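# could you work out the structure for the sequence below:
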Amino acid sequence: MGLKEKRITEAFKSGYYETLLEKINMAAGFKVDMQVAWETLFEDRFMHLYNETYPKIYFQPLIEAFEAVSADELGKELMRKGLKSVVVKNTADHHNPEHAISFEKGILTIDHSPVINADKVQDRAEEIIMLLENGLEDMAEEQSGTISTGSYDHTDNPSLTFEELYNQFVALSYEKQLVFSELVGDRSWDFNMMQGTLTFGEYVFPMQILGTYSEKESSWMWAWANKQSGIPENLLQASDIMQKRGVAHAVEELTTASYKTDENMGHYLAQIAVGVTGASCYCPVNFKGIQVFVLINSEEVDAGRITDTALVTSHFTKTISALDCNHKQALYHYLKQKEFKVEFTGNNLIADRADDQVIGIFDLNERLLKVSGNKLTV
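This is a model prediction of the structure:
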């Protein structure tokens with residue numbers, strides 16, 4: 001690049017390019033990696049036109065296309081994850097968008113003449129939109145793969161994280177908790193360890209003692225490790241089951257007798273325990289800074305289980321609004337627990353049960369974008 005070309009390039013950069021780049025980043029929703037091979041964009045006969053043709057050929061189509069692709073959250077997420085860089089150059093004087101523009105492995109390349117067909121901005125924008133929409137979706141499917149239904153089934157998995165175990169049961173446990181809360185309301189409670197019951201007014205529930213959380217010491221202790229409290233053996237069955245599950249899947253939180261934790265782990269552990277043991281629900285009982293977490297069996301709570309497809313999807317949206325979890329894993333397991341056959345197509349989920357169908361749409365971080373339940377027409 002000679003002195004004349006350098007001066008023209010610097011004048012365009014300072015007068016136009018910075019503003020165009022700002023618009024490109026705004027349209028994409030993030031800072032785009034732009035690689036412009038300025039030295040290839042010159043033809044001596046047309047240098048006086050570049051302030052007009054550069055924007056039309058290379059940059060305005062990008063702005064229009066990025067605005068279209070990033071019009072919703074899914075598009076923005078795909079752009080952030082899949083668009084690695086934009087390369088602008090001219091190596092073959094292409095002027096047909098189909099030949100001049102390509103998108104491969106996250107790199108969008110515009111290899112176009114700097115002057116020919118400058119006014120066909122819309123044609124180039126439409127080609128970029130088409131390439132990005134197809135290419136970004138393909139990249140997302142490659143990243144996530146076609147997930148077999150077994151990939152979230154951890155029953156026989158020798159290694160399992162606490163979070164994965166929690167995601168299995170969070171929605172089902174929360175459903176049961178809501179039924180239990182509505183059932184007992186604001187009734188006062190009575191805890192009787194010798195009889196193994198927890199009573200709320202006229203409701204007398206048999207219980208299992210899971211463990212205790214000390215607010216003063218910020219620590220959790222499993223009931224199977226609590227030798228000093230004289231807990232009857234018949235009330236330790238649930239905690240023993242949890243310990244065995246922890247050993248089977250190498251989950252440290254389930255096998256460590258007691259440990260310090262600033263956050264009250266009792267709620268997380270009890271939600272898992274409700275699913276693992278098949279209990280109706282759980283309840284924390286307060287004794288002067290000590291919370292005793294118990295599991296309850298109740299025909300009344302079990303009778304309130306959700307079966308209607310519309311209520312299943314509605315409850316799940318309530319769950320992810322109230323509790324932090326992996327949306328994709330949690331919905332998969334919740335639908336399986338509701339006897340749906342669940343399959344994945346790319347990054348999305350389809351579940352069928354008789355003539356009902358549920359569709360879940362997720363972003364690349366496995367957060368739910370939309371869930372819907374429909375009746376299948378035969």
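# so residue 22: helix, strand or coil?
helix (DSSP: H, G, I helix; E, B strand; the rest coil).
# kindly report the same for the one 10 residues further on.
Classification of residue 32 using three-state DSSP returns coil.
# would you confirm that it contacts residue 86?
Yes. With contact defined as C-beta atoms under 8 Å, residue 32 counts as touching residue 86 (5.8 Å). All C-beta spots, glycine's among them, are computed from the backbone N, C-alpha and C.
# where does the stretch 201-350 of the chain have low pLDDT?
By pLDDT under 70, the stretch 201-350 of the chain contains no weakly predicted segment.
# got the residue ranges for the strands in it?
203-214, 219-222, 258-260, 281-287, 290-296, 341-345, 348-353 (DSSP state E, counting those that start in this stretch).
# JSON lines please, covering these and showing distance to residue 73 and mean neighbour count.
Converted to JSON lines, those look like this (distance: least, C-beta to C-beta, whole Å; neighbours: other C-beta atoms under 10 Å):
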{"stretch": "strand 203-214", "distance to residue 73": "37", "mean neighbour count": "22"}
{"stretch": "strand 219-222", "distance to residue 73": "37", "mean neighbour count": "21"}
{"stretch": "strand 258-260", "distance to residue 73": "38", "mean neighbour count": "12"}
{"stretch": "strand 281-287", "distance to residue 73": "35", "mean neighbour count": "18"}
{"stretch": "strand 290-296", "distance to residue 73": "37", "mean neighbour count": "23"}
{"stretch": "strand 341-345", "distance to residue 73": "20", "mean neighbour count": "16"}
{"stretch": "strand 348-353", "distance to residue 73": "15", "mean neighbour count": "19"}
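# which parts of the stretch 51-200 of the chain are strands?
Counting by DSSP E, counting those that start in this stretch, the strands of the stretch 51-200 of the chain are 85-89, 101-104, 107-111, 189-192, 197-200.
# how about a markdown table for those, with mean neighbour count added?
Shown next, in a markdown table, are the strands of the stretch 51-200 of the chain (neighbours: other C-beta atoms under 10 Å):
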| stretch | mean neighbour count |
| --- | --- |
| strand 85-89 | 18 |
| strand 101-104 | 17 |
| strand 107-111 | 19 |
| strand 189-192 | 14 |
| strand 197-200 | 19 |
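# mind checking which of the ones you listed is nearest residue 177?
With distances scored as C-beta to C-beta, the stretch of those nearest to residue 177 is strand 197-200 (14.0 Å).
# make TSV from the strands of the stretch 51-200 of the chain and add mean pLDDT and distance to residue 372 to it.
As requested, these are exported to TSV (pLDDT from 0 to 100; distance: least, C-beta to C-beta, whole Å):
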stretch	mean pLDDT	distance to residue 372
strand 85-89	91	35
strand 101-104	93	31
strand 107-111	94	33
strand 189-192	96	40
strand 197-200	97	37
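# could you export the ones you listed as a markdown table, including distance to residue 117?
Converted to a markdown table, the strands of the stretch 51-200 of the chain look like this (distance: least, C-beta to C-beta, whole Å):
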| stretch | distance to residue 117 |
| --- | --- |
| strand 85-89 | 16 |
| strand 101-104 | 12 |
| strand 107-111 | 13 |
| strand 189-192 | 78 |
| strand 197-200 | 77 |
